[in-house]
Structure formats: structure tokens, C-alpha cells
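In: I would like to see how this sequence folds:
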Amino acid sequence: MKRLNFSRKYAVALLLFISIAGYSSDIRYDFFEPESAVYGDCTLNTAEKRKADALASFAIALTCNKPEDTIVRLIGTLKNDPDAELPIRLLLNQISNTGEAEKITRALSEIAEANPQALKLNLAAILMLKDQNRKRCIDIAENCLKGCSDWKKFNPADMKVFCSIISVLGSMYGTDKTDFSKGDALFEDYLDNNIIGHNYNALESAALFYHQAGERGDSKPFLWVFESDKDKYLRKKQEYLTRIKDYFPNTEDKNILSAMVALYESLGLEKEAEETLLRRILVEPSDIRLLVKLAGLYFKQKDFTKAAAVWRTVIKNPGVTPEMYLGYGDAAFYAGYYAEAGNAYEAYLKDNPGSGIARFMLAMVRFEQGEFKKTLSLLHYLPDNFMVLKIRAMAEDRLGNEREALELMLQAESAALQTDPNLLDNVFYLFMVVMAEKNNKPDLVNKYAALIEQKFSLQDPMLANAIGYTYADMNIKLAEAEKLIRYALEKDPEKPEYYDSMAWVLYRKEKFNEALSYINSSIEKQGKLPNAIIADHAGDINFALGNTDEAVKYWKTALQTYSRETDVPKIEEKLKKAAEKINAAAKK
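Out: Numbering: from 1, shown residues only. Okay, here's the model as predicted:
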């Protein structure tokens, strides 16, 4: 076989290229003819010259030492051979390696604009521009579609890329209300057939587009007779969802299955997402990947009980991985199955002893199980970030180490202010108020109560009651405390703890008869057996009014219904004084 005569540099480039697999345009074949063909000397035509230039640029790009030179040569390759796939891949890789995103995006866009038929190149440019330059992204996509009038003749690989371009363009139209009509026309033009009309990605894109358009479309009917844009778009959304369900009722393609579940989740169609997975699981009950996906779906839906149940099945499978134990632990923890969660996290830590996440979650399990010393032991070697410091503080508080707990809470606040101030929510600051109260630091109580009012406002009755009760318990700012608690009662008059708070602030103000009325209401609303705190308060109020027998009854109830807030020695001292009073009265 005779080869064409061309310059030495092109021959070298060709030989280099032949050794490289994956140059998708297969341009090396443009320079060979069948064995039976015999040629005389000839020169390259324009198309052949461009192919040769592309080969030369590509070969040189592979030998460049400097990234900037590689980028220039790859761009030169694509200018001469815009259908080449491997140079596009290598060029996109340079973005993460060099940070030359703007330069590469500009070059890809310019080449794509000049070559609308180069599908992969256009798709790459569109995806690069999608979040940077909406108008240019749309312009290139529209130009590409116009340049592909013969799209029905595309091979399956090109059709897949073409559908992706339609999908991206549709998603771009969905971001601006003024382009809704263009998006509607796009899907009407290209999806009303058995070619693209059965492509999952295109159907999903249409469903998402019509969802966005339906959410923001004009709800006013045209001439008060025809359906509004909103109604039309929502109707078409449902039509495309129906087509997806009809065309892919029990797909074996795991990528499509995952996409369908994600689509339903994004649209809030949780039942459809669940049914899609369950239908496939009925066909392949031993497919552990499907079960893991179902467990993940239930977890996202916050149905932790179901998620844990599915994980129990998963871990019985011989193909279980350590990561699956981590997922099982999370589901079991949030479902309240602390023993199961602990076992799962321990199983994961056997293979991943250095996992901070698993160690932290195991510490959370031990905390919920009341094993506070084990909680502190597990957290001891973890970095002192906000969450670790907060849980350590809570554990120290449960162990009665209130000074250490307050110090850790102050450290947690400092850590959050340096990393993410949004972590400091109203629950955190309420705990700060409580810890300041336990450490008898009224200045800190006032500081954090003011922060709660400033950041979250005391319009929330729960916050208003919590701050008011803390003031009352510390016997400070009683007028403000009463005001806050009365507000809470007005907003939510069925909460027994709010009546207890009001009773307590009135007790502090020595309005014992009014306090008795509120404490009795609190007990009535809570039931026959009040909790330890309310019972203790009832004892104090009755004792102040001279109802010693009633006081003794409630103090004994407080000891019987013990809570971690119960001050047992203090109540025992009250009972001792009451007994002395009863004995003294009996002697008289």
C-alpha cells in the first residue's frame, strides 16, 4: 500500500497518534486507503490538511512540559478537528489541574459556535457556560440544534449527546419566566416522536421544565376561557411523568432507576419513588444495591424506623461492606434503637478505627443510653469542634459537673463564632442560660437571655417561658419574668409547664394564693401525677400558705418521680423542717 506524500512532521504526528487508543474521531483512517488502492503522488486537500494539523497539535500536546503549552496545543487540535473526543477530555482535565477554566471555556465556546455539528464539543461548552454565562450557553445550544437538521439519522451514541443538549437547553429555559414559551416549543418539537420521545434524560428534563414553569407560570386563563399557562404547564408535567412511568415501568437499567427515584424525590413524589424501588426489588430481591437505595430513601424521608428495618436485611447479606454498617447505625440511631446503632458503629470501627464520624456517633449513642463517662471517653481524642464541645458539655452537666459544663459551652460558642455562627441556635443559647443559672451567674443569664431576644425574638412562647422561668428561678427581674410567662400562656394556654412557671414567679413575688391557683392548674393539666419539678414547687407554695400536709405530700411525690433536675438533699431538708413543724403543732 502506498501512503500519501506529506511533510515529515505530519508523518511523525501520525505515527505517534497511532499508538494512542481512544481518539474517538479515528482520524488516522483518513490517511489510509484499502490495500487494493494504488495512488500516485498527490497533495493534501483542505480537509486532509486540517486533519493532519490536528494530529500534529495533538502529538505535540502530549509531549509538552508546561500546562499552558498543552492547553494551547489541545485547543489547536480541536480547531482543526472539532469532533475529536479525547482532546476535549484532556482539555477539561486541565481545568482542575491548572485553574485555567475561563481560558478553556472561552476557547471551547468559540470553537463550538463555529462548529454546531460537533455534538460533544458543543455539549462540553454548554456545560461549562451553564453557570457562568446563561445567554451564551443558550445561544450555543440553539445554534447546535439548528445545525443538526438531520438529527433523526444520528447513530445511538450521537443521539445520546444530542438528547443531553436538549435537556440542558430545557433546564436553562426553565430558569427564566420569559423563556417558558421557548422551552415549551423545544419539547413539543423534539419529544413528539418515537426517537427522542423515548429517551429517559429528555423526558426527565421535560418533566422538570414543566414543573418549574408550572410553579411560576401565569395563573390567569387566556380570555377567561382557555387554560392558563400555569395549568397547561402542570398538565404537561403530569403527561411526561406518566410517559416516564409507562416507558420505564420496571427498568433493569440501574442508572435510569436511580434517576427516576431522584426525580420523584425532587418533585416531592415520595410514594412514587418508593414504589419504583419496590417494584424492582420484587424482581431482584437479593440485589443489595437496591436495598441500600431503599434504606437511603426512607432515611431521607425521615422514616427512620423503615430505614433501620431495611438495613437489618442488608447486613445479613454476604456482600455487606463496612460503609453499610455506618448507614445502618445512622438509621437505627435516629429511630431510637440505640443498642442496634451502637453495635453497627462498633462493627464499622473495627475496619475503620480512625473514623471520627463513627466515633462521634457512638458517643451520641452512649449519651442517649445514659453512659456519660463512656461518652466523654469516646470524645476525648476527637478535635474540639463545636459539636464535640457541646456534647462534652451536656455529658459533664449530666454527671453534675456544672462548672466544667459551662466552660465547655463557652468554648463551643467560641468555636462556632470562628467557623459557622449559624450553629448557635436558640436551643444552644437556652442551654447557656440554664448553665449560667446552675453556676449562679446572673450576668451571664442576662447576657444570653438578651442574645436570644436579639437573635430569635421572644415571640416564640417556648423561648418566652424559658427565659421567664429562669429569671424566676434565680429570683431576678421578676416583673419581666411575669410579663414573658403571661405572654407564653396567652399564646399556648394548654401547656402545664407554663402554669408552673407562672406559679413560680408569683411565689417569688410572695403572691402565694395566686401561685397556688396556677400550680393547681398545672397539676390538673399534666394529670394525676405531676413531674418532680412541678411537685416540688407545689410543696413550696403549699408550705408557704401553711398547708403543711399538702406540702409533704407533694415533696414526697417529687422524690418518687425523680428527674435529673431533682435536688434530693434540698427536698429532704424541706421534709425534715415540715416534720418538725407538724411535731411542734402536735405538742401544743
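In: Run a quick neighbour tally on residue 85.
Out: Using other C-beta atoms under 10 Å, residue 85 has 15 neighbouring residues. Using the backbone N, CA and C atoms, a C-beta is placed for each residue, glycine as well.
In: where along the stretch 351-500 of the chain do the helices fall?
Out: Along the stretch 351-500 of the chain, the segments classed as helices by DSSP state H, counting those that start in this stretch run 356-368, 372-379, 386-398, 402-419, 426-438, 442-456, 461-474, 478-491, 496-508.
In: ok, now how distant is the residue nearest the centre of the chain from residue 253?
Out: Geometric centre of the chain, nearest residue: residue 300, 8.9 Å, by C-alpha atoms, centre = their mean. Taking C-beta to C-beta, to the nearest Å as the criterion, residue 300 is separated from residue 253 by 22 Å.
In: Next: residue 314.
Out: From residue 314 across to residue 253, the span is 22 Å (C-beta to C-beta).
In: ok, those two, which is more surrounded?
Out: The residue with more neighbours, out of residue 314 and residue 253, is residue 314; 20 against 11, by other C-beta under 10 Å.
In: Quick one: residues contacting the more buried one.
Out: 288, 291, 292, 295, 320, 324, 328 (C-beta atoms under 8 Å, 6 or more residues apart in numbering).
In: still on that earlier bit, double-check the residue nearest to the centre of the chain against residue 265; I have them as touching.
Out: Yes: counting by C-beta atoms under 8 Å, residue 300 touches residue 265, with 6.8 Å between them.
In: What distance do you get for residue 471 to residue 398?
Out: Distance from residue 471 to residue 398, by C-beta to C-beta: 24 Å.
In: For residue 460, give me the backbone phi and psi.
Out: Reported as degrees, to the nearest 10, the phi and psi values for residue 460 are phi -70, psi 120.
In: neighbours around it, how many?
Out: Counted with other C-beta under 10 Å, residues neighbouring residue 460 total 14.
In: now do the one 4 residues further on
Out: Other residues lying near residue 464 total 27 when counted by other C-beta under 10 Å.
In: what's near enough to touch it?
Out: 458, 484, 485, 487, 488, 491.
In: Can you tell me which of these comes closest to residue 574?
Out: Taking C-beta to C-beta as the measure, residue 574 lies nearest residue 485 of these, at 24.1 Å.
In: I figured that closest one hits residue 505, correct?
Out: Yes: assessed by C-beta under 8 Å, residue 485 is found in contact with residue 505 at 5.9 Å.
In: Quick check: neighbours shared by the two?
Out: With C-beta under 8 Å, 6+ apart, residue 485 and residue 505 have common neighbours 468, 469, 472.
In: Tell me how many other residues surround the closest residue to the first one other than its chain neighbours.
Out: Once flanking residues are discounted, residue 468 sits nearest to residue 484: 3.4 Å by C-beta to C-beta, 6 or more residues apart in numbering. Applying the criterion other C-beta under 10 Å, we find 27 residues in the vicinity of residue 484.
In: now do residue 560
Out: Applying other C-beta under 10 Å, we find 10 other residues in the vicinity of residue 560.
In: so how far is residue 535 from it?
Out: If you go by C-beta to C-beta, the gap between residue 560 and residue 535 works out to 9 Å.
In: same thing with residue 154?
Out: For residue 154, the distance to residue 535 (C-beta to C-beta) stands at 79 Å.
In: More neighbours: which of these two?
Out: Under the criterion of other C-beta under 10 Å, the comparison of residue 154 against residue 535 puts residue 535 first, with 26 against 17.
In: so what does the helix or strand containing that one touch, helix or strand wise?
Out: Assigned by DSSP states H and E, residue 535 falls within helix 532-544. Here helix 532-544 touches helix 496-508, helix 512-526, helix 548-560, helix 568-587, going by 3 or more C-beta pairs under 8 Å, 6 or more residues apart in numbering; DSSP states H and E.
In: Now render these as CSV, adding distance to residue 209 and mean pLDDT.
Out: Listed next are the helices and strands packed on helix 532-544 as CSV, based on distance: least, C-beta to C-beta, whole Å; pLDDT from 0 to 100:
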stretch, distance to residue 209, mean pLDDT
helix 496-508, 50, 95
helix 512-526, 53, 93
helix 548-560, 63, 92
helix 568-587, 66, 87
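In: hey, which of these is tucked in deepest?
Out: Mean neighbours per residue, mean count of other C-beta atoms under 10 Å, is largest over the helices and strands packed on helix 532-544 for helix 496-508, with a mean of 25.
In: Give me the helices and strands touching that one, please.
Out: Here helix 496-508 touches helix 461-474, helix 478-491, helix 512-526, helix 532-544, going by 3+ C-beta pairs under 8 Å, 6+ apart.
In: Please dump these into JSON lines; it should also carry distance to residue 438 for every row.
Out: JSON lines is the format used below for the helices and strands packed on helix 496-508 (distance: least, C-beta to C-beta, whole Å):
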{"stretch": "helix 461-474", "distance to residue 438": "10"}
{"stretch": "helix 478-491", "distance to residue 438": "17"}
{"stretch": "helix 512-526", "distance to residue 438": "23"}
{"stretch": "helix 532-544", "distance to residue 438": "14"}
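In: for those helices, which one sits closest to residue 74?
Out: helix 461-474 (60.0 Å).
In: could you give me the average pLDDT of that closest one?
Out: Averaged across helix 461-474, the pLDDT comes to 91.
In: next one: stretch 236-243
Out: In the prediction, stretch 236-243 has an average pLDDT of 96.
In: Next: stretch 290-309.
Out: Mean predicted confidence for stretch 290-309 is 95.
In: which regions of this protein lie under the pLDDT threshold?
Out: Residues of the chain meeting the criterion pLDDT under 70: 1-43, 222-225, 528, 562, 564, 588.
In: repeat that with 50
Out: For the chain, the stretches with pLDDT under 50 are 1-41.
In: List of residues touching the helix holding residue 535?
Out: Under the contact criterion C-beta under 8 Å, 6+ apart, helix 532-544 has outside partners 496-497, 500, 503-504, 507, 510, 512, 515-516, 519-520, 522-523, 526, 530, 548, 550-555, 557-559, 561-563, 565-567, 571, 574, 578.
In: give me that answer again for 6 Å
Out: 500, 504, 507, 512, 515-516, 519, 522, 550-551, 554-555, 557-558, 561-563, 565-566 (C-beta atoms under 6 Å, 6 or more residues apart in numbering).
In: again, but for stretch 323-338
Out: By C-beta under 6 Å, 6+ apart, the residues outside stretch 323-338 that reach it are 299, 304-305, 307-308, 311, 314-315, 340-341, 344-345, 347-348, 365, 368-369.
In: on that earlier part again, adding distance to residue 436, write the helices and strands packed on helix 532-544 out as JSON lines.
Out: Formatted as JSON lines, these follow (distance: least, C-beta to C-beta, whole Å):
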{"stretch": "helix 496-508", "distance to residue 436": "18"}
{"stretch": "helix 512-526", "distance to residue 436": "25"}
{"stretch": "helix 548-560", "distance to residue 436": "24"}
{"stretch": "helix 568-587", "distance to residue 436": "20"}
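In: where along the stretch 151-300 of the chain do the strands fall?
Out: In the stretch 151-300 of the chain, no strands are defined using DSSP state E, counting those that start in this stretch.
In: now residue 311: how far from residue 337?
Out: 10 Å.
In: Look at the two and report which has more neighbours.
Out: Ranked by neighbour count (other C-beta under 10 Å), residue 311 and residue 337 place residue 311 first, with 29 against 21.
In: can you put the helices of the stretch 351-500 of the chain in JSON lines and add distance to residue 181?
Out: JSON lines is the format used below for the helices of the stretch 351-500 of the chain (distance: least, C-beta to C-beta, whole Å):
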{"stretch": "helix 356-368", "distance to residue 181": "48"}
{"stretch": "helix 372-379", "distance to residue 181": "58"}
{"stretch": "helix 386-398", "distance to residue 181": "49"}
{"stretch": "helix 402-419", "distance to residue 181": "46"}
{"stretch": "helix 426-438", "distance to residue 181": "46"}
{"stretch": "helix 442-456", "distance to residue 181": "44"}
{"stretch": "helix 461-474", "distance to residue 181": "49"}
{"stretch": "helix 478-491", "distance to residue 181": "48"}
{"stretch": "helix 496-508", "distance to residue 181": "55"}
